[in-house]
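**Student:** Build the 3D model from these lines:
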Amino acid sequence: MAIGLAALLDDIAAFAKLAAASVDDVGAAAGRASVKATGVVIDDTAVTPRYVEGLAAKRELPIIRRIATGSLRNKLLFILPAALLLSEYLPWLLTPLLMLGGTYLAFEGAEKVWEMVSGTHHAAVDDAAAKKAVDEDQVVSSAVRTDFILSAEIMVIALNEVAGEGFWARAIILAIVAVLITALVYGVVAIIVKADDVGLHLAGRETSWVQSFGRGIVRAMPRVMAVISFVGVIAMLWVGGHILLQGAYDLGWHGPYDVLHHLEGLVDGVSGVGGFLTWLVDTAGSAVVGIVVGGVVVAVVHLVQHVRGGRTHA
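**Tutor:** This next block holds a predicted model:
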C-alpha cells in the first residue's frame, strides 16, 4: 500500500509539474500576444481620455470604469468567441482579416499625420460635440463603440500570435490578454485623467517643494498627452505596416518583405549596435509601408467625401 501511495504521489507531482509548465507556457504566450498589440494599445490609451473632457471631475472615474467594463464585455463576450470560431473553422480568413485591420491602423495613423500637416483637426470638432452631450450613457456608448474596433484589432493580433496552440489554450490566452490589456489601458487612462487633479491638490499644500511638484504635474500633462498621441501615431503606422508586410508574405507576395529583410541583413553585423539597427530598419520600413498604404486610403476616403459633398450641394 505504501508503494501504491508513493506511486500516486509521484503521479500527482508529475501532473503538477506538467500543469505548472502549461501555465508558464500560457503566460508566456499571453505576454507575447499582448506585446504584439502595443500599437493599438497606445492608440486606445491616447483616444479614451477625450471622452471625459468637460465632465465634472467626480464623474470622470465612474465613466472610465463604465467604459472599461464595456470594453471587457466586448472582448470576452463577442470578439473572443468570434475569433476562436474563426481560427477553428476558417483559419484561412485570419491573415486577410489581420491585413484589413493593419490597413485600418495605417489609415488611422496617416489620417492623423495629415491632420498635423494640413492643420485640420477633425477630432477637435468631435470632442466639442461630445462635450455638449451631457448624457453619460451617450458618452459611454460612443466610447465603447470606438473601443470595439480597437479591441477587435488587439484580439485578432493576439490570436495570430497563438494560432498554433490548441483550442482551449487559445481561449485561455485570449481571455488573459483581454483582461490584461483592458486593465492596462484603463488603468493608465485613469491615471492620466486624474493627474491634473492630483497636481492641483499638491499645488495647494503648504510645503513649497510639494507645491512646485504639483504645478509641474499640471504643466507637464498637456505635453505628456502630446507625446502619447505622437507615439500612438508612429506605433499605428509601424504595426499596421508590419502586419501588411507579414500578411503579404504569408499570402505569397514575398518581394516587399524580402527587400526589408535584405536591408536588415546589411546592418545586422554592425558591432555592438547590430541588433538595435536591425530593429530600427524593421520599424522604419514597416512605418514607411504604413504611411504609403494609409496615405492612399486617406486620399480615397477624402475623394469620396468630396464627391458626396459635391452631389449634396448640387
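**Student:** all helices of this protein, in order?
**Tutor:** Ranges of helices within the chain are 2-36, 38-47, 57-73, 80-89, 94-118, 122-132, 136-161, 167-203, 208-250, 255-268, 274-313, based on DSSP state H.
**Student:** Now those helices in JSON lines, please, with extra columns for mean neighbour count and mean pLDDT.
**Tutor:** Quick note: C-beta positions are derived from backbone N, CA and C, even for glycine. Listed next are the helices of the chain as JSON lines, based on neighbours: other Cβ atoms under 10 Å; pLDDT from 0 to 100:
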{"stretch": "helix 2-36", "mean neighbour count": "12", "mean pLDDT": "45"}
{"stretch": "helix 38-47", "mean neighbour count": "24", "mean pLDDT": "60"}
{"stretch": "helix 57-73", "mean neighbour count": "17", "mean pLDDT": "85"}
{"stretch": "helix 80-89", "mean neighbour count": "15", "mean pLDDT": "87"}
{"stretch": "helix 94-118", "mean neighbour count": "20", "mean pLDDT": "84"}
{"stretch": "helix 122-132", "mean neighbour count": "12", "mean pLDDT": "47"}
{"stretch": "helix 136-161", "mean neighbour count": "20", "mean pLDDT": "77"}
{"stretch": "helix 167-203", "mean neighbour count": "18", "mean pLDDT": "83"}
{"stretch": "helix 208-250", "mean neighbour count": "18", "mean pLDDT": "82"}
{"stretch": "helix 255-268", "mean neighbour count": "14", "mean pLDDT": "85"}
{"stretch": "helix 274-313", "mean neighbour count": "15", "mean pLDDT": "84"}
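**Student:** so who does Arg215 touch?
**Tutor:** Residues in contact with Arg215 (Cβ atoms under 8 Å, 6 or more residues apart in numbering) are Gly199, Ala203.
**Student:** Would you mind measuring from it to Ile191?
**Tutor:** As for Arg215, its distance to Ile191 is 18 Å (criterion: Cβ to Cβ, to the nearest Å).
**Student:** Having no further points to raise, I will conclude here.
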